[in-house]
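Asker: Just the structure for this:
(chains A and B)
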Amino acid sequence: MRWSQTLIPTMKETPEGAEIPSHVLMLRAGLVGQLMAGAYTYLPLGLRALRKAEQIVREEMDQAGAIELLMPALTPINLWQRTGRVDAFGNVLIQFQVRRQNRQVHLALGPTHEEVVTDLVARHVSSYRQLPITLYQIQTKFRNEERPRFGVLRTSEFLMKDAYSFDTSLEGLNASYDKMYRAYCRIFDRCGLDYLAVEAESGPIGGDVSHEFMVLADNGEDTVVHCAACGYAANLERADVGPREVPAAAASAEPRTKIDTPRAGSIEAVSKMLGCRPDQMIKTLIYVADEKPVAVLVRGDHDANEGKIRRSLGKAKVELAPPEVIEKVTGAPVGFAGPVGLPIPIWADYDVGTIASAIVGANTADAHFRGVVRGRDFDVGQFADLRNAGDGDPCPRCDGRLALRHAIEVGHVFKLGTKYSEALSARFLDEKEQLHPAIMGCYGIGVNRIIAALIETNHDENGILWPMSLAPYELLLAPLNVNQPEVMEVANRLYDELTHAGVDVLLDDRDQRPGVKFKDADLIGIPLRVVIGGRSLKDGQLEIKWRWKEAAESIPLEGASVALADMVQAERNLSHAASTQA
RNA sequence: CGGGGCGUGGCGCAGUCUGGCUAGCGCGUCUGGUUUGGGACCAGAAGGUCGCAGGUUCGAAUCCUGUCGCCCCGACCA
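Answerer: Numbers count the residues shown, from 1 in each chain, chains lettered A, B, ... in the order given. Okay, the predicted model is just below:
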């Protein structure tokens, strides 16, 4: 492609409103343009990168035996009603009504496609002989994000690869899941992303295993917990905290005293008022677990983790109690609950056990207790790991320490079970003529996020650093003076020869000064830059420079196109080899 | 949904507090000329109902009211 014939609107300055590097660079390099909050046009350069990512995803899905199809983004609302997900999605589901003749038709734009694909399988699959099968598509998804942000990282319309596996047994599901997991590793390797596959919270909708593919980045929205020593990695919501000692309840001479804490109903307010540290306090949370109230204690500076509470208590449904329940149980308004004299079961996180003398709510409005001692003033029914992991916590798998890191989620694999196949009657007859719901898995990749995450983690002060696999163009030809016929003659010849050799070439044929071309070249980040200037041309040389290297090198003009095509090919193989080794 | 910030030619901004010449600067664009290895220089030109609506005033980019949009933090996020 010749620069003068396409549209690459590079920008010298950072547009107002763009803050994180990927957003700034995608706008400045002319990859995308914003239409409104959460909706971006992919300009020619950005589209090429997106298509390359898409193609890598497609190749690896095909390689893993998944079958591509394309479902409508427009869906009937009743499909979502049948699985109860109209409510589950709430405002995120974009739904509307249109009139057709004298009828009102209620539609929704698909935010994901479990319902549609399961309905499809229900219609066409009825025998175990047709299973297993994994179906996938690469399609635009629609979600009404409450707050779109971070450029293309969180948008209300995005390109997603979604795959769904249907199996006859749990063993089958495990095999399908593993295939997708391995395919995801190859995809992200080929894209040149430095990622982590982390254990993720599978949520209350069933299924017991889930992994997220995370790219570590300071601007990521997710938090992952990572142990550098053993490689343990998990989403913060899921991460276990390693073993902690609970000392035996100690005797204390310090008396328990009641203190006035008017209107101080939060840890922050109380610690400020009393001049104490949050880790000297105990946070008392009242939950309703399967209709019954239970108290959960965590140290004041810790955050309770609902998933862990649910699993520890062995309950199906656990949620924070509403104010009226809290008042009834504690006899005090919200914010003043404490374990002393509490008439309901008390669970506590291990770290609560290490506080010798604590400050707790007094179960009376506007009052707290100081000098509260476990064993004397209250008893803990059961200790467990009930809180979110924090920086420096012990690793659950080795004697290392956990670190909290921000990350961008680029993929998610999930064992679904039979939730959708039951709701939508996707059943098959087994060899014993028994009817069973298909056992499903679902697997998503945010294709736009691959691009954004790559840029977020691969750039320098001058611009993007594309890997060969995703680069919109592999090689940039930069004739420094388009008005010198001998320069353009070489440029045009190289352009033709390299294009014929199958290299993606961009020819900067603009009548611009060299400085402008160099700056733009660095900004858009094409891996291999070839400068054609009168200076080196006189010696029969071309100047070449890899975007990620400091220094330029020279190669003879004679036979240059063959040499350059070989260099591009070698670089392509390099990234591919990295993925097949993994 | 709570909190904060911002809307002025294509882009980045000043001017708004304290109302008053023809609304300014840099970049970009166009014309002519000189230049040509890291965002050139000279001369000239085009391009703005100051987000929108209403109000106050002799007079509004500037003050008041409403409204729309964008960005950030938090809550939410199959």
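Asker: The lengthiest strand in chain A - which strands sit beside it in the sheet, and in what orientation?
Answerer: Longest strand in chain A, counting residues (DSSP state E): strand A:402-417. With DSSP bridges as the test, strand A:402-417 is paired with strand A:210-216 (antiparallel), strand A:222-227 (antiparallel), strand A:439-446 (antiparallel).
Asker: what mean pLDDT would you report for that strand?
Answerer: In this model, strand A:402-417 has a mean pLDDT of 94.
Asker: Buried residues of it, list them for me.
Answerer: A:402-405, A:407-417 (16 or more other CB atoms under 10 Å). Every residue, glycine included, has its C-beta placed from N, CA and C.
Asker: could you point out which element follows it?
Answerer: Once strand A:402-417 ends, the next helix or strand along the chain (criterion: DSSP states H and E) is helix A:419-423.
Asker: follow-up on the earlier one: now the strands paired with strand A:402-417 as JSON lines including distance to RNA strand B?
Answerer: Shown next, in JSON lines, are the strands paired with strand A:402-417 (distance: least, CB to the nearest atom of the strand, whole Å):
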{"stretch": "strand A:210-216", "distance to RNA strand B": "10"}
{"stretch": "strand A:222-227", "distance to RNA strand B": "8"}
{"stretch": "strand A:439-446", "distance to RNA strand B": "5"}
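Asker: and residue A:362, which of the ones you listed is closest to it?
Answerer: If you check each of the strands paired with strand A:402-417 against residue A:362 by CB to CB, strand A:222-227 wins as the nearest, at 33.8 Å.
Asker: Over to the residue nearest to residue A:99 when sequence neighbours are not counted. Which of the three states is it?
Answerer: Distance criterion CB to CB, 6 or more residues apart in numbering; nearest residue to residue A:99, sequence neighbours excluded, is residue A:105 at 7.4 Å. In three-state terms, and counting by DSSP: H, G, I helix; E, B strand; the rest coil, residue A:105 is strand.
Asker: Now that residue A:105 has come up, it's in contact with residue A:78, right?
Answerer: No - look at residue A:105 against residue A:78 with CB atoms under 8 Å: they stay out of range, at 10.5 Å.
Asker: before we move on, back to that, how close does the residue nearest to residue A:99 sit to RNA strand B?
Answerer: 24 Å (CB to the nearest atom of the strand, to the nearest Å).
Asker: Now do the contacts for residue A:325.
Answerer: Residue A:325 is in contact with A:286, A:288, A:293, counting by CB atoms under 8 Å, 6 or more residues apart in numbering.
Asker: now the residues you listed as a markdown table including pLDDT, distance to residue A:264 and secondary structure?
Answerer: As requested, those are exported to a markdown table (pLDDT from 0 to 100; distance: CB to CB, whole Å; DSSP: H, G, I helix; E, B strand; the rest coil):
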| residue | pLDDT | distance to residue A:264 | secondary structure |
| --- | --- | --- | --- |
| A:286 | 91 | 18 | strand |
| A:288 | 88 | 25 | strand |
| A:293 | 90 | 24 | strand |
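Asker: who wins for neighbours among those?
Answerer: Among those, the one with the most neighbours (other CB atoms under 10 Å) is residue A:286, at 22 neighbours.
Asker: in which helix or strand would I find the closest residue to residue A:452 other than its chain neighbours?
Answerer: Leaving aside its sequence neighbours, residue A:452 sits nearest to residue A:22 (CB to CB, 6+ apart; 4.4 Å). Per DSSP H and E: residue A:22 is located in helix A:21-28.
Asker: Residues contacting that helix, please?
Answerer: Applying CB under 8 Å, 6+ apart, the set of residues contacting helix A:21-28 from outside is A:10-15, A:18, A:31-34, A:46, A:150-153, A:219, A:451-453, A:455-456, A:459, A:463-464, A:523.
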